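J.: here are the coordinates; sequence isn't available:
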């Protein structure tokens, strides 16, 4: 009877024991909270100074806007539903273009490993296309595919395709040749080497390129919406700018910032899940401008 009571007491105490973080997790959480607090403080100070400058008439509110006017405009646009329609249009085109371009680019980059001859032949074309600002292609793509969401998706696909291709191909070139020679000594065929060594070793490069590509996809979509579209955050900013509705323009800009942070966070979460052993996930290379 006493043993049963003791065991029940131990179970109850274990249930009531609060979850405790190890010292490393606690330190990371403390750092995250502190960083978040400092960021909120900086934003609060900037907005306060901004509002004071406008209220004191040091700067014309028509030229700069004010945080209170921006907040009121955001509430109005959110209640009307126009803001959510524009957000959905931009995010949908960005995500689809990012996924298609990153997948196809990575696949083609890995496939170049099979033939160095082909890679050498098309290398100048890849370099030339990578050097062209992708927004320069927007008028052509919009003429060919219309001003709807399809042209924005294709524009984001083109922008992300090149980066994914280059990243994947460079990853194959950096693989230790001794591993490949070892597989060959055991009689492995080329497709077996590709699946067992090339693809796994290239994954960190490929997934790290996702962080670059999500930004390129968003910039490409918004740029396309500036040129020709009937919805999207880029379209909203362009139209409201022509109407000199500065608070609504700021709403579009700040919304774009939040969308970029959200998409970047999602890609970072995916990267940590797929590459939990990769400790350098935060030190991602930066891409050239679109």
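T.: Structure received. Just so it is clear, the structure is predicted and the values come from calculations on it, not from any experiment. Numbering: from 1, shown residues only.
J.: okay, now residue 224: neighbour count?
T.: Neighbour count for residue 224, taken as other Cβ atoms under 10 Å: 31. In short, each C-beta sits where N, CA and C put it, glycine included.
J.: give me the contact list for stretch 81-96.
T.: Outside stretch 81-96, the residues that touch it by Cβ atoms under 8 Å, 6 or more residues apart in numbering are 74, 77-78, 149, 152-153, 156, 214, 217-218, 221-222, 225, 229, 231-236, 251-252, 255-256, 259, 263.
J.: pull the helix or strand with minimum mean pLDDT from this structure.
T.: helix 2-16 (a mean of 48; mean pLDDT, DSSP states H and E).
J.: buried residues, the helix or strand following it. List them.
T.: For helix 2-16, the following helix or strand on the C-terminal side (DSSP states H and E) is helix 23-55. Buried residues in helix 23-55, counting neighbours by 16 or more other Cβ atoms under 10 Å, are found at 50, 51, 54.
J.: out of the residues you listed, flag the one nearest to residue 42.
T.: residue 50 (12.4 Å; Cβ to Cβ).
J.: now the closest one: closest residue in space that isn't a chain neighbour?
T.: Residue nearest to residue 50 in three dimensions, not counting chain neighbours: residue 67, with 5.7 Å by Cβ to Cβ, 6 or more residues apart in numbering.
J.: surely that neighbour meets residue 51?
T.: Yes. Contact status for residue 67 versus residue 51: in contact at 5.0 Å, counting by Cβ atoms under 8 Å.
J.: show me the contacts for the residue nearest to residue 50.
T.: Neighbouring residues of residue 67 by Cβ under 8 Å, 6+ apart: 47, 50, 51.
J.: residue 136: which of the residues you listed is nearest?
T.: Once Cβ to Cβ is applied, the member of these that ends up nearest residue 136 is residue 50, at 35.0 Å.
J.: ok, that closest one touching residue 66?
T.: Yes. Assessed by Cβ under 8 Å, residue 50 is found in contact with residue 66 at 6.9 Å.
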